[in-house]
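*Asks:* Using only what follows, build the 3D model:
(chains A, B and C)
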Amino acid sequence: MKALQILIDGFAISSLYATGAIGFTLIFGVSGVLNLSHGSIMVTAAVVAWLVAGSFGAGPYGGALIGVGASVIVSLVTYGIVVRPIQKSRAIAREEKEIFVLTGTLLWGIMVQEVIAYVFTNNPKTVLPLIGGVVNILGVRTPRTEIAIAAIAWLAMGLLWLLVNRTRGGKALMAAAINPRGLTLCGFELGSIHLLVWTIYGVLAGIAGVLLGSFLGVSSDNAGQLTASAFSIVVLGGLGSVTGSLVAAYVVGYLESLTAYLVNPSIRTVPVLLLLVIVVYLRPQGLLGRR
Amino acid sequence: MMSTPKTLLGTAAVIALMALLPFAGVGGYVLGLMTSALYFGVFAMGWDLLFGFAGEVNFGPSFLIGVGAYTAGLLNHYAHWPIIACVPVGALAAVVAGLLLAVPALRLSGPYFGLVTLVAVLLLQNVIVIFAGFTGGEIGLDLPDVLAISSRVNYWYALGVAGIVALGLFALSRSAVGLILQASGQDAIEAAALGFNVVRHKLAAFCISALVSGLAGAMLVFYLGTVSTDSVVDISIGVQVIIAAVLGGRRTILGGAVGAIFLIVAGELLRPVGQLSTFIVSAFALLVILFFPGGLLGRFIVREGA
Amino acid sequence: MTALLEVEGLTKRFGGLVAVKDVSFSVRSGEIVGLIGPNGSGKSTVMKLVMGIEKPNTGSVRIEGEEVAGWPTHRIARAGVGLVFQHSRPLHRQTVLENIMLALLPDSLLRLRAGREVVERARAIARRVGLANVLDRFPATLPFADLRRMELARAVARDPKVVLVDEPFAGLTAAEVADFSALIRTFREAGHAVLLVDHNVKGVAALVDRIFAMYLGERIAEGSAEEVMRDETVRRVYLGGEIAHASRPARATTDEAPLLEVSDVSVFYGKAQALENVSLRIRKGEFVSVVGLNGAGKTTLFNAISGLVPYQGSIAFAARRLAGRSAATIARQGLVQCPESRELFGDMTVRENLELGGQHQSPGSMAERRDWLYSLFPILREREGQAARTLSGGEQQMLAIARALMMRPQLLILDEPTLGLAPVILELLSRALETLRNTTDITVLLGEQNVTFALPHADRVYVLEHARIVWEGAPDRLAEEAGAGLL
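*Replies:* The predicted structure is shown next:
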């Protein structure tokens, strides 16, 4: 009974983690950026969805849609005013770009977070669930929205898979992650590829944010924690490896659920951190990463 | 661009002037702010030695700070050791913890070293919360002793520590060892081919960084009179340290102190705008990073062939 | 007398690739040995193995009889090995003098001050290498040759018994080459053992006592410069074997406007000049070869044409200037490069690689093109579903050419297609080029150091040497007029 509960809850939370982390790993793979404003972008999506669905009366679906839209906009702005200027800057030595992008996106994330806290306070906000009600799965009372969350997350990832594997733009995206110069020689503008990947990232982070908001509720204070967990998942799975992030998201999701149910909810992140240290020391390229 | 002796003299003069601040009619409240700022300045200078010179990005400066602070705090709270004993032991504990972290981590390259340091902070924070009965958890632990009651004396303590660290680290960064350290940070292979044990030099830099961070962390808790995760371990503390160092100017050592004072003073001046002050400070720091990547002190201290 | 540097049975594998295979040689005191081989031959890996930057899988490296294989780099350096890097990364915030002093410092955490004698020695060394007048300047303000002098000064400062020099003369002018040669001779006179690592025999012939030549990770020849230059294997590696080719119908090379016109193009990498006032014209349907040694500037020229590096001067394609257009636009307009480094998408299949090349056309046109390429390179059809990175070197080269051809180029730039390939593959490639030339109206610009591969197909040949075009003419006149400089 308890086992089944863990299985169901863990699945929902893991698929949510996976959606956010895959976006995170995708921009790392294609443009080499670890985006530390990730959490703030997720929070933006959730708060906008909450606002539009509730206060503006657009209903859960309208709210979700506009929330994801907001996330795409913030994501593109992040790229346009923080990441790209640093990458293009001549004043910053190449080997220092990484720390500048990290610091820059971090500061930008704090700015977004503070604006949200200022306008909407930092009280947790729960986005209207897409579906109400409860179903009984083999004796475990499960909110329907939990099933919807898993379904939507997987739908999003499935669409991403189709996009990457079945469309021209998607193929080019993967090619850019493998060999950007080769792609230029094939006549593709890397600039458009980067815009595409930041847009996709915005959609994925937005979906993850909105779903998280409807599942657990989100406050602007969560931004840092959300970035940290996406970062852990991505490192665990191997930087830049999409499949790795997917697997790692489930490892993290279940490890956290197990700890929370069986040991103590207050230390749910500890086993993950320990695992992370072990993996980084023993296999720094991550579970599925290639050197 | 300034020569080493001139910069050292100038710094000493600034420190002397700052020591006179309490006599210039500056009130206790402002002195309190400056005291915190000076301790943060020490953290930032320690971080810059590691990043700016040894080339290693430590995302978890608050791990070292926290170990120093909690070691000193716990010894004082439970064993009633005097402050004079707690502070050096705290600093040493930070060095030992730093070594345990760095010896395996320095084998890692690129973002992985930074990641390990980040995870170390999260783990430390969790350990403190898990053993809340002993450590005081999120609420924190009150300390029986404080450095001083007078805000003037507290300020002078902080200024003394920050001054010694500033002069010491700056001189070190311009010394022969500092030269080797920079070479190691810039191109480890070439430095090794010149016969330098790169790992040992980086480890030494890490230890010095840990020593000053742990020392200032321990002093800070005896100034605050309490030790809590929010004040010495939280990720946001580390973030502020890094922002202060980058804002002040990487590879300048002294920039860290300038950046820390700037951050705290700016935050204070922006009090009227309330919650938005963090936003404005972050925005300002972002603008500096984008448009003046050398930082506030970049122009004066960094020597870059034009 | 025992050798200062003795390498025996050295082997290094990277994954499945054997980069260095059972290599043995030695360098005695007062001897200069050249270690040569084309790109990918393993010579740089050997240098890194000696310095301890890479650890050998098996084999031994002895310095004055002491086994150092597997030691960390800094201990090998302390044991008496110095390396003059090709691309130095000086300390930018320190003066030239301080940069030299760095090399004189002991590996100690306790010596905080460099003593007077260190400063004096650094000054003396600077005088010896010709940097006396720039001691207080910052590296960023120095000309390229002085940066190399500084790199040399650091090696001298360590007073190593064994000196490794990576591409000693790359990017230097003739006068500077003479200077550097003189400096390197002083190492010999002082009794050091010197190992010069370079691409070609010619570059180091005047300086070396012996040469050790490598190809595909193995020794192929050893002896005096003359002996090695006469060696059959070396000649085959550098000049290619006899490649059969049918003579092709002469093209009408009328005086119509050139398809590609390069006028007075210069390129600088930092301070090093990689191209100097290069001009060339290619008419539609022509097959033009640019031959030159490694480092002569071929790749730079092609990258300038493709819009990948900034340049001075003008480049026009189909009578329109290319300046200001992105590399991707240039490629889409029909000026396609197949680079030396191939730049394949390693984790993608052969088919996916080809499709990425053909994405700017309709699916039908793409499929038709792909089928045509499969008939040109039948092996690619067999390998269709295989990841590009699992292909052999020759197959990868064919894929790279095929991917470029997928773009239906008007002008195809082929940069060093023969690099690191076995002779039997070269014949395959040669036949494919022949087919291409005889059955399509494509224009080709081929860059090669392998003259025998470059000549048979060419209508015209340019010779590039030290960043400049030094000869232009018909292929049959090349050997007598410009052949000497190419080994």
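
*Asks:* Mind pulling the model confidence for the residue positioned nearest the centre of chain C?
*Replies:* In chain C, the C-alpha closest to the average C-alpha coordinate belongs to C:Asn294, at a distance of 4.5 Å (Cα atoms, centre = their mean). The pLDDT attached to C:Asn294 in the predicted structure is 72.

*Asks:* ok, the nearest residue to it once chain neighbours are set aside - contacts?
*Replies:* For C:Asn294, the nearest residue in space outside its immediate sequence neighbours is C:His199; the separation is 3.9 Å by Cβ to Cβ, 6 or more residues apart in numbering or on different chains. In this view, the C-beta of every residue, glycine as well, is placed from N, C-alpha and C. Applying Cβ atoms under 8 Å, 6 or more residues apart in numbering or on different chains to C:His199 gives the contacts C:Ile36, C:Gly37, C:Pro38, C:Asn39, C:Glu167, C:Leu293, C:Asn294, C:Gly295.

*Asks:* Which helix or which strand is home to C:Glu472?
*Replies:* Using DSSP states H and E, the element containing C:Glu472 is strand C:468-473.

*Asks:* In the stretch 151-291 of chain A, what residue comes closest to chain C?
*Replies:* Here the stretch 151-291 of chain A gets closest to chain C at one residue, A:Gly182, 3.5 Å apart by Cβ to the nearest Cβ.

*Asks:* My understanding was that that residue contacts C:Asp347; is that so?
*Replies:* No - at 11.7 Å, A:Gly182 does not count as touching C:Asp347 under the criterion of Cβ atoms under 8 Å.

*Asks:* Show me which of these two is the more surrounded one.
*Replies:* Summary of the neighbour comparison: A:Gly182 and C:Asp347, criterion other Cβ atoms under 10 Å in any protein chain shown, with A:Gly182 having more neighbours (25 against 16).

*Asks:* tell me the contacts of the closest residue to the more buried one other than its chain neighbours?
*Replies:* Sequence neighbours aside, C:Glu343 is the residue nearest to A:Gly182 in space, at 3.5 Å (criterion: Cβ to Cβ, 6+ apart). C:Glu343 makes contact with A:Asn179, A:Arg181, A:Gly182, A:Leu185, C:Ala400 under the criterion Cβ under 8 Å, 6+ apart.

*Asks:* Which members of those residues are the farthest-apart pair?
*Replies:* Set against one another by Cβ to Cβ, those have their most distant pair in A:Arg181 and C:Ala400, with a gap of 12.3 Å.

*Asks:* Need the residues touching each of these two.
*Replies:* Any residue near both A:Arg181 and C:Ala400 by Cβ under 8 Å, 6+ apart counts here, and that gives C:Pro339, C:Glu343.

*Asks:* Tell me the residues of chain C that contact chain A?
*Replies:* Near chain A, the residues belonging to chain C are C:306, C:308, C:326-329, C:331-332, C:336-339, C:343-348, C:352, C:355-357, C:359-360, C:403-404, C:407 when assessed by Cβ under 8 Å from any Cβ of the partner chain.

*Asks:* buried sites along whatever helix or strand C:Asn277 lives in?
*Replies:* With the criterion set as DSSP H and E, the secondary-structure element containing C:Asn277 is strand C:272-282. Neighbour counts over strand C:272-282 (16 or more other Cβ atoms under 10 Å in any protein chain shown) mark C:Ala272, C:Gln273, C:Ala274, C:Leu275, C:Val278, C:Leu280, C:Arg281, C:Ile282 as buried.

*Asks:* roughly how far apart are C:Met366 and C:Leu426?
*Replies:* 29 Å (Cβ to Cβ, to the nearest Å).

*Asks:* and what of A:Arg90?
*Replies:* Using Cβ to Cβ, one obtains 42 Å as the distance from A:Arg90 to C:Leu426.

*Asks:* okay, those two: which has more neighbours?
*Replies:* When A:Arg90 and C:Leu426 are compared for neighbours, C:Leu426 comes out ahead with 21 against 6, by other Cβ under 10 Å.

*Asks:* The more buried one is in what secondary structure piece?
*Replies:* In this structure, C:Leu426 is located in helix C:423-439 according to DSSP H and E.

*Asks:* circling back to that earlier point, OK, contacts around the residue of the stretch 151-291 of chain A closest to chain C?
*Replies:* For A:Gly182, the residues meeting the contact criterion (Cβ under 8 Å, 6+ apart) are A:Ala175, C:Glu343, C:Leu344, C:Phe345.
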